[in-house]
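J.: Okay, here's the prediction I keep looking at, along with the sequence it came from:
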Amino acid sequence: MRQIIVVVCGIAAGCAGLSASICQAQPPVNKFGFNQIATVQTTGDERASQSNLWVLEVQFKTLRQVRLLLPDPKTGEERDEIVLYLVYKIVNRGLGESKEESDTKPTNSFDAEVTPTQFVPELTLITQDGPNKIYADSLIPAAEKIIRQREQKLLPAGAVLKNSVKIEGAIPEESLPGAEKEEKALYGVAMWRGVDPEADRFSIMLAGFSNGYKLVRGPVPYQTLLDRAKEGKLTFSDQIWNGKSEWKAASETYNLFDEKKPGPPDPDASIWFYSTTYDRVIAAEEKPTIWRKTLLQRFWRPGDQFNRQEKEYRFVGDPEWIYQPDDVRTPVVGGGVPVVAAKKPAANAADEGAKDAAAEVK
């Protein structure tokens, strides 16, 4: 069974690296209501470290809701519930061309794909006021039927809205920006049941929309970074993150390779993570964890738990590409939501609804 690990940091841990260049496709907002667009963003370092990298453009509408009667997971009796849902669209724009590429030789080369590259989305909603709670995307047939009746007519002719299981498959063929009629797009919907009615602030993590990853060790004190640099175990192109700002190349991180340069103002005030590569992983050291390129979008609902209205849900800022860990051993960083496992959409919505609603972080 697939799992994702959720960690929402106080600020975005971007996918910046040795090259500051970013590839961004800027398609126009389309007439079908997908007014928030997460463009394709990559750096030269990401491309250099992963030769088979792909990143999808993601367009989506704001959070919406439907109200209906659903069976109580414990008693089986029907009760009035609100199901939150997110309708999204994915397009493969390719990686485009970057103005400035890294000269670093690729560290992870891959053979040609035997089967088409697979799109396997995992969307998780996190409430962020009061006790933080994690909600996995669920399959809720009764709600999906209502959502289809409402949303299908708002999609382009021939488009099919699919849940997070039915949409799994090969990523779309590449489509150039500005050619909306010829786009090879896919349309999906994620649903969440039992979300805390008192929550006003939400984050949604969209995993599986890129295959980008880093092999990461940490947290470690800053002195460990200095020691590894002196021992030749840390390279100029390795990535460093202090749990607060963006990932940056080790060569750009204070005095790691030059004692004459000043160090961080207060190294003990931060926790430090650093990347490595498969060819340098040895049995004598702790294995690194995998951090994956994931999309983060925040929302706000300026209301209360009574008479919840769909129009109250609003975007907070732009979508952000971040890296988040797979491993539950990784501690909380950046003052965000604790690392918690969340499952793929459940086929038995009645049974899983209770688990989704009870996924409170203690």
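T.: Now that the structure is in, tell me what you want to look at.
J.: where exactly do the helices run in the stretch 51-200 of the chain?
T.: 141-151 (DSSP state H, counting those that start in this stretch).
J.: Okay, now the unreliable bits of it?
T.: 96-116, 178-181 (pLDDT under 70).
J.: which residues of the stretch 101-250 of the chain fall in strands?
T.: Assigned by DSSP state E, counting those that start in this stretch, the strands in the stretch 101-250 of the chain fall at 118-119, 122-127, 133-136, 161-162, 169-170, 186-193, 201-207, 213-220, 239-241, 248-249.
J.: can the ones you listed go into CSV with extra columns for distance to Thr43 and mean neighbour count?
T.: C-betas here are computed from N, CA, C, even on glycine. Shown next, in CSV, are these (distance: least, Cβ to Cβ, whole Å; neighbours: other Cβ atoms under 10 Å):
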stretch, distance to Thr43, mean neighbour count
strand 118-119, 22, 16
strand 122-127, 24, 25
strand 133-136, 29, 24
strand 161-162, 31, 19
strand 169-170, 26, 13
strand 186-193, 26, 24
strand 201-207, 20, 22
strand 213-220, 12, 20
strand 239-241, 10, 26
strand 248-249, 10, 20
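J.: Of these, give the one that comes closest to Asp318.
T.: Proximity to Asp318 (Cβ to Cβ) singles out strand 201-207 among the strands of the stretch 101-250 of the chain, at 13.2 Å.
J.: tell me the angle of the closest one relative to strand 186-193?
T.: 130 degrees (axes from the mean of the first three to the mean of the last three Cα atoms, to 10 degrees).
J.: tell me the angle strand 201-207 makes with strand 122-127.
T.: Computed by the same axes, to 10 degrees, the angle between strand 201-207 and strand 122-127 is 160 degrees.
J.: Let me know the pLDDT of Arg2.
T.: pLDDT, Arg2: 43.
J.: Same question for Asp327.
T.: pLDDT at Asp327 comes out at 60.
J.: before we move on, what about Trp291?
T.: 93.
J.: Distance check, it against Tyr254.
T.: Per Cβ to Cβ, to the nearest Å, Trp291 is found 22 Å from Tyr254.
J.: Looking only at neighbour counts, state which of these two leads.
T.: Neighbour count, other Cβ atoms under 10 Å: between Trp291 and Tyr254, Trp291 has more, with 26 against 17.
J.: Contacts only, for the more buried one.
T.: When contacts are counted by Cβ atoms under 8 Å, 6 or more residues apart in numbering, Trp291 touches Tyr213, Lys214, Leu215, Val216, Tyr323, Gln324, Pro325, Asp326.
J.: That's all I had, so thanks and see you.
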